[in-house]
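>>> sequence and predicted structure, then a few things I'm wondering about:
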Amino acid sequence: MSVTYAHLLLVSNDPEHSASITETMRQVGLYEVALTSSLDQAGHLLSAQAFDIVLVDVSIDKCAGTGFLDRLAGEVPVPVIAIGKAEELPQITRCLEDGATDYLLLPINGTLFKARIQSHLQKKRLQEQAISALHSFNEVEKLADDLRLVILPLGVALSAEKDFDRLVERFVITAMDLCNADAGSLFMRTADDQLRYAIVRTKSLELACGGTTGQEIPYHNLPLFDDQGQPVLENVATFAVHEGISINIADIYDKSGFDFSGTRRFDQQNNYRSVSCLTIPLVNHEVTGVLQLRNAQDPETGQVISFGAYQQLVAESLASQAAVALHNRRLRKREGSLLRYKRELEIGREIQAGFFPATLPQPPGWELTARFQPAREVAGDFYDAFPVPNGKIGLLIADVCDKGIVAALFMALLRSLLRAFIQQHYYLNSSDSVQEVQETVGGDVVQNQEQPARLHSFYASHEAALLDAIRRTNSYISSNHANTHIFATLFVGILDPQSGEIAYINCGHLPPLLYKQDGTEINLMPTGPAIGLLSDARFIVHKERLEAGDILLAYTDGVSEARDKQGVLFGRQRISALVAQQSSGTVTELANAIETAVQVYTDGAAPSDDIAILALKRKLIP
């Protein structure tokens, strides 16, 4: 049996017993022992330090029946082993009745001692791992519930809200409630590039300005540019606008790097203490506003704490919904003369367009293009391309098994979950908030108990981000929307522009075509089932490498299953032939050629299915 290091506490006032026990521990040699002769002192030590096992000598007066053992019960109870001589069995029995885990008789046998200690240590480790796994599951479940029950419905509600003051007020109050923040503010970007206060709330001060309160906000606008036209970066809100990123500060008084002089004046005037601050831009093609939350509170103690990774993710999801809703509100004003049904469909199309990238990443030495043509006003096909840490690029194309509004809503949910889980993966890793991790790749289980460095490296990898996001998304869809019988095929990958390597998962999607410079074709076959079919589905990450001149083409079945007047499918062979013909040109020319060929093949008929194309090429080195 391998021996695991442990921190033990020995409670004994008998020098002979203490010497015998500590000598046994010394022989084992892998235990750190703290010794005390008092139950009260033992209680103080347990409050100040973490011990793996407590050894209690039953010869201590009133060892049993004092409630001492009750104090050791917690989320993961500390194992207690009663120690005594054979003639002290009555005291040992009382300790066991009071909650002791086990007992040992003096004199202690070294082999038996080691076996008992190891057994309790392993049990305690398993309990800790189970609780950690339960906490992780509960956090994912809470995120899924918040997305399903609050965030997505709120986005729909905000999009339908015509009163601007009610819209922004509901958004801020919901963000404060979900993040348990004491204060919240919303800035709106004006036409002359300033940030205007739209909402100000502080619960503990009973302060409410803006929105539907009718109370004027007594604060000046924040200019986004100085007199020389340079961006203002000193203020955290204006910085968030220019950089388009969230800023999470644990304590604004602790060298945050930003100018919080206005917040400090507010604190002085209101006898308040601002501590944690979370600032999030509202982005939809451009930054239209900024949400700022302050002083997250512990739900049990009410103490001010930092905003955690989960709170930031929820707030960012809310901000994304609000940005779309605000954009949608502007669209409704322009389209007020249309019929209601027509107007709702057009708004839906504009909302869906907000989920597509406004611009595609174009890393040096690469060409990336995309095409999208819905069969109806809104569609279930979609693509995405977005930057991930360390200069990598995320690529996604998907096909929901339906068309129209239902497919579009499912597409919005799927895209939001994938982006949220991928971002959460990187954020949790960067903030070092994950303590226990276990992943399975190709059937091999890796645990950080034995190989923490290698596991940390794996957890931080892009392969792990893909696997984590796909698993969580599939679990949420199959668990919460199985009754809709809707599923989606998708291909998602992360490209390293430097090496040309792409790690990918193909969830039942049409195999993307990798066309090599020498004319070789590689089909990136499915590595798992469609999303939403099986809650316990297994997915595998595969890799390929694009060399100079190689082309990667991904598409949905609206291309390959387009039909001519006789009902014959366009087919994969025609697609392959077009790639070969256009291999020396740009991917923009290739995408145009495919679109034109499909239109000619169908004799200009409206598409019967949604069409999405994503094409990538590594440029030839001059």
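In hand now; what should we look at? Numbering: from 1, shown residues only.

>>> so what's residue 356 up against?
Residues in contact with residue 356 (CB atoms under 8 Å, 6 or more residues apart in numbering) are 372, 382, 383, 384. Heads up, the C-betas are built off the backbone N, CA and C, glycines and all.

>>> one more pass at 7 Å, please.
Residues in contact with residue 356 (CB atoms under 7 Å, 6 or more residues apart in numbering) are 372, 382.

>>> now do the SS call for it.
coil (DSSP: H, G, I helix; E, B strand; the rest coil).

>>> which pLDDT value belongs to residue 250?
The per-residue pLDDT reported for residue 250 equals 92.

>>> quick check: the gap between residue 321 and residue 412.
10 Å (CB to CB, to the nearest Å).

>>> which one's more surrounded, the two?
residue 321 (27 against 23; other CB atoms under 10 Å).

>>> for the more buried one, phi and psi?
phi -60, psi -40 (degrees, to the nearest 10).

>>> residue 546 contacts residue 617, doesn't it?
No - Residue 546 is beyond contact range of residue 617, at 8.1 Å (criterion: CB atoms under 7 Å).

>>> where does the stretch 301-450 of the chain have low pLDDT?
328-355, 376-379, 403-404, 429-450 (pLDDT under 70).

>>> which parts of it are helices?
Under the criterion DSSP state H, counting those that start in this stretch, the stretch 301-450 of the chain contains helices at 309-334, 340-353, 404-430.

>>> go on, the stretch 451-600 of the chain?
Using DSSP H, counting those that start in this stretch, helices in the stretch 451-600 of the chain cover 452-459, 462-480, 557-560, 572-581, 587-601.

>>> quick one: closest of those to residue 609.
The closest of these to residue 609 is helix 557-560. By CB to CB, the value is 3.9 Å.

>>> which element, helix or strand, includes residue 263?
Element membership for residue 263 (DSSP states H and E) is helix 261-270.

>>> tell me which residues of that helix come out buried.
263, 266, 267 (16 or more other CB atoms under 10 Å).

>>> list the contacts of that helix.
Here helix 261-270 has contacts from 205, 252, 272, 273, 274, using CB under 7 Å, 6+ apart.

>>> checking the first one next. Helix, strand or coil?
When you say that, I think you mean residue 205. Counting by three-state DSSP, the backbone at residue 205 sits in coil.

>>> just the third one next, same as before
Of the three states, residue 272 takes coil under three-state DSSP.

>>> distance of it from residue 252?
Taken as CB to CB, the span from residue 272 to residue 252 is 12 Å.

>>> swap in the last one?
When CB to CB is the yardstick, residue 274 and residue 252 sit 6 Å from each other.

>>> which residues of the chain score low on pLDDT?
1-5, 28-30, 61-76, 130-162, 328-355, 376-379, 403-404, 429-460, 606, 622.

>>> next SSE downstream of the helix holding residue 263?
Following helix 261-270 toward the C-terminus (DSSP H and E): strand 277-284.

>>> quick one, that following strand and helix 309-334 angle?
40 degrees (axes from the mean of the first three to the mean of the last three CA atoms, to 10 degrees).

>>> tell me which residues are up against the following helix or strand past strand 277-284.
With elements assigned by DSSP H and E, the helix or strand that comes after strand 277-284 is strand 286-297. Strand 286-297 is contacted from outside by 175-176, 179-189, 195, 237, 240-241, 244, 274-282, 303-307, 311, 315, 319, 323, 326, using CB under 7 Å, 6+ apart.

>>> where do the helices sit along the stretch 151-300 of the chain?
Using DSSP H, counting those that start in this stretch, helices in the stretch 151-300 of the chain cover 152-160, 164-179, 236-243, 261-270.

>>> got those helices as JSON lines, with distance to residue 48 columns?
JSON lines is the format used below for the helices of the stretch 151-300 of the chain (distance: least, CB to CB, whole Å):
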{"stretch": "helix 152-160", "distance to residue 48": "45"}
{"stretch": "helix 164-179", "distance to residue 48": "32"}
{"stretch": "helix 236-243", "distance to residue 48": "38"}
{"stretch": "helix 261-270", "distance to residue 48": "34"}
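
>>> to residue 424, which of those helices lies closest?
Judging the helices of the stretch 151-300 of the chain by CB to CB, what sits closest to residue 424 is helix 164-179, at 15.0 Å.

>>> can you name every helix or strand that the closest one contacts?
If contacts are counted by 3 or more CB pairs under 7 Å, 6 or more residues apart in numbering; DSSP states H and E, helix 164-179 sits against helix 152-160, strand 181-189, strand 194-202, strand 286-297, helix 309-334.

>>> distance check, the residue minimising distance to the centre of the chain against residue 418.
In the chain, the residue lying closest to the centroid (CA atoms, centre = their mean) is residue 424, at 2.1 Å. From residue 424 over to residue 418 the distance is 11 Å, taken as CB to CB.

>>> wait, doesn't residue 586 sit right on residue 367?
Yes - the pair residue 586 / residue 367 is scored as a contact, 5.7 Å apart, by CB under 7 Å.

>>> okay, the two: which has more neighbours?
Ranked by neighbour count (other CB under 10 Å), residue 586 and residue 367 place residue 367 first, with 19 against 14.

>>> hmm, residue 620 and that one touching each other?
No - using CB under 7 Å, residue 367 is not in contact with residue 620; the gap is 10.9 Å.

>>> can you name the residues bridging to the closest residue to residue 208 other than its chain neighbours?
Leaving out its chain neighbours, the residue that sits closest to residue 208 by CB to CB, 6 or more residues apart in numbering is residue 201, at 5.5 Å. Under DSSP bridges, the beta-bridge partners of residue 201 are residue 184, residue 208.

>>> contacting residues around residue 201?
Taking CB under 7 Å, 6+ apart, one finds 172, 176, 183, 184, 207, 208 in contact with residue 201.

>>> could you do residue 497 as well?
363, 365, 366, 391, 393.

>>> buried among the residues you listed? Make that a PyMOL selection.
In PyMOL syntax, the buried subset of the contacts of residue 497 is picked out as below (16+ other CB under 10 Å):
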select buried, resi 363+366+393
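
>>> out of the contacts of residue 497, which is nearest to residue 60?
Nearest member of the contacts of residue 497 to residue 60, counting by CB to CB, is residue 391, at 62.7 Å.

>>> phi, psi for the closest one please.
Dihedral angles (degrees, to the nearest 10) for residue 391: phi 80, psi 10.

>>> skip the chain neighbours and tell me the closest residue to it.
residue 497 (6.6 Å).

>>> do you know how far that neighbour is from residue 592?
Residue 497 is 24 Å from residue 592, by CB to CB.

>>> mind listing what residue 360 touches?
Contacts of residue 360 (CB under 7 Å, 6+ apart): 368, 369, 370, 385.

>>> wait, residue 495
392, 393, 395, 502.

>>> and what of residue 463?
Counted by CB under 7 Å, 6+ apart, residue 463 has contacts 503, 541.
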